[in-house]
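J.: return a 3D structure for these sequence lines:
(2 chains)
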Amino acid sequence: MTISPNNVYAVSDDVVAREIEGEIIIVPLVAGIADLEDELFTLNETGKAIWELLDGRRSLQEVIRQLSEEYQAEPEQIQNDVLGLVRELWRRGMIVEVKSS
Amino acid sequence: MRAKRRTESPYVIKVNSARDWLWRERSPLLGSLDLELTERCNNNCIHCNINLPLADDGARQRELSPIAIKEILSEAAALGALSVRFTGGEPLLREDFADLYLHARRRGLKVLLFTNARLITPELADLFTRVPPLEKIEVTVYGLKRESYEAVSRAPGSFEEFRRGVGLLMARNLPFTVKWAILPPNRAETESFKTWAAALPAMDQPPSYSMFFHLRGRRDDWTKNRLIQSLRLKPENGAALLRGEGEAYVKEMGEFCRKFIGPPGDRLFACGAGRRVCVDAYGVLQSCLLLRHPETVYELKTGSLKEALINFFPRLREETKASNPEYLARCARCFLKGLCEQCPAISWAEHGNLDTPVDYFCQVAHAQAENLGLLRAGECAWEIENWEERIARL
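T.: Prediction:
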């Protein structure tokens, strides 16, 4: 699986993503997402900022560009964070690719 | 204290909502919801404090519609609830159970199912496999043999159906735990039950038992109440049985007592009532599973969960004070409050008001306290002045 900045991703139907009291809570809907039966997932601040932009319309390149405008961090760091999170979410089945380069 | 979250990834953090603290600032208005899907049951257990007959059409017709239940589940999710407990009666009696279950799960709610397992079908077990409830299913067991089980359930054929249901869960490796009610027909099987339960993969702690049975919360059937009273263990026997659980029990109770017991004064709601709320089968919101006193419940059909949680229940908790002189002389001053099951719900079921001492549970608490070394024989807990020292010595 190659994560390309030109790809577009959206939340998978296999999870339910909820925002509760400012936290993103990812609740597995189908079997195989979590290791244990009672596990939920949440995101750190960086993950949350990226997650909110994975809307099935923006490419990762656009996500990186938008985050670079909003946060004072090195573009390379932002790109690493975006690709790192997307790789992990994809591996866990929490997002799906809706358009690939 | 906040539990440490597992951060094996820099971005995605696994959490167990029962153990880990999820919230950085404030917690949501509603953590979890109890929902009685029906009061009807396919068993007719001798000790049950809620069940109505399977074929009670009047009850069935009054039950909430699937649309109403879905609206409640959606509102609970919108208020931040992470889980819903489906209970009853027997919740699987509802023909729309799978639809309601999926609605809850699609709203991001974990589902805790309380069941006797008799109506677990291959289709339902497959659904739980495909879309896991994210909470262990809890199965109540009434006996390990047909004779004992059906002497409790009073439902011919129920034992075989229970076995088949449990078998379906086991065959699919679905995590479930078991609970036991200690009753005359099955009392001799309790040790065998423990052994069986310990071998179940999802039983990571000893099973829970009920033995100090509550009267019917609707105060609807005094013949049944008299039967329930006759099935209760003698307080000293119950306390001895608990003490027989060994040092783990003593340690657990020591921690519990240090945290939770002490004289409550005239404030009646010292528990979590009104925070984790319960919707009954007909759309009435209760402050807990047991309390059905008409002045303590909220009509959900003409209101909302949010309004009840923000206004109705906080006011109920704050403003409801004891006035019964007997309660004020005993329970209000008793340091065993918390260990004792006496509460507004139990008082309501036994006496029809919120603030009357319940002698049976008073005796149970005193017997437990004697076994733990908190009291000497013959002492009354509400007369003990150095109770804090005694708890500290535990």
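J.: now do the contacts for the residue of the stretch 151-300 of chain B found nearest chain A.
T.: Residue nearest to chain A within the stretch 151-300 of chain B (CB to the nearest CB): B:Pro175, separated by 5.0 Å. Heads up, the C-betas are built off the backbone N, CA and C, glycines and all. Contact partners of B:Pro175, counting by CB atoms under 8 Å, 6 or more residues apart in numbering or on different chains, are A:37, B:136-137, B:201-202.
J.: may I have the phi/psi pair for it?
T.: Main-chain dihedrals, B:Pro175, degrees, to the nearest 10: phi -70, psi 130.
J.: could you find the closest non-adjacent residue to it?
T.: Nearest residue to B:Pro175 in three dimensions, chain neighbours excluded: B:Ala202, at 3.8 Å (CB to CB, 6 or more residues apart in numbering or on different chains).
J.: which phi and psi does the one you found have?
T.: Recorded main-chain torsions at B:Ala202 are phi -90, psi 0, according to degrees, to the nearest 10.
J.: tell me which element B:Glu138 is part of?
T.: Using DSSP states H and E, the element containing B:Glu138 is strand B:137-141.
J.: does chain A sit close to that strand?
T.: No: on the criterion CB under 8 Å from any CB of the partner chain, strand B:137-141 is out of touch with chain A, staying 9.9 Å away.
J.: quick check: mean pLDDT of the following helix or strand past that strand?
T.: Next helix or strand after strand B:137-141 toward the C-terminus (DSSP H and E): helix B:146-153. Mean pLDDT, helix B:146-153: 98.
J.: for helix B:146-153, packing partners?
T.: If you count contacts as 3 or more CB pairs under 8 Å, 6 or more residues apart in numbering or on different chains; DSSP states H and E, helix B:146-153 packs onto helix B:158-171.
J.: buried residues in the helix it packs on, which are they?
T.: Within helix B:158-171, the residues that count as buried by 16 or more other CB atoms under 10 Å in any protein chain shown are B:158-159, B:161-162, B:165-166, B:168-169.
J.: what's the angle between it and strand B:137-141?
T.: For helix B:158-171 against strand B:137-141, the angle by axes from the mean of the first three to the mean of the last three CA atoms, to 10 degrees is 150 degrees.
J.: pull the residues that contact the biggest helix by length in chain A.
T.: The longest helix of chain A (DSSP state H) is helix A:75-91. Contact with helix A:75-91 is made by A:1, A:3, A:5, A:9, A:43, A:46-47, A:50-51, A:54, A:60, A:63-64, A:67-68, A:71, A:95-97, B:9-12, as judged by CB under 8 Å, 6+ apart.
J.: show the buried residues in those.
T.: Neighbour counting with 16+ other CB under 10 Å marks A:3, A:5, A:9, A:43, A:46-47, A:50-51, A:54, A:60, A:63-64, A:67, A:95, A:97, B:9, B:11-12 as buried within these.
J.: one step back: quick one: which of the contacts of B:Pro175 has the most company?
T.: In terms of neighbours by other CB atoms under 10 Å in any protein chain shown, those top out with B:Ile137 at 25 neighbours.
J.: next one: phi and psi at the closest residue to it other than its chain neighbours?
T.: Excluding the flanking residues, the one nearest B:Ile137 by CB to CB, 6+ apart is B:Phe176, at 4.0 Å. Backbone torsions for B:Phe176, taken as degrees, to the nearest 10, come to phi -140, psi 150.
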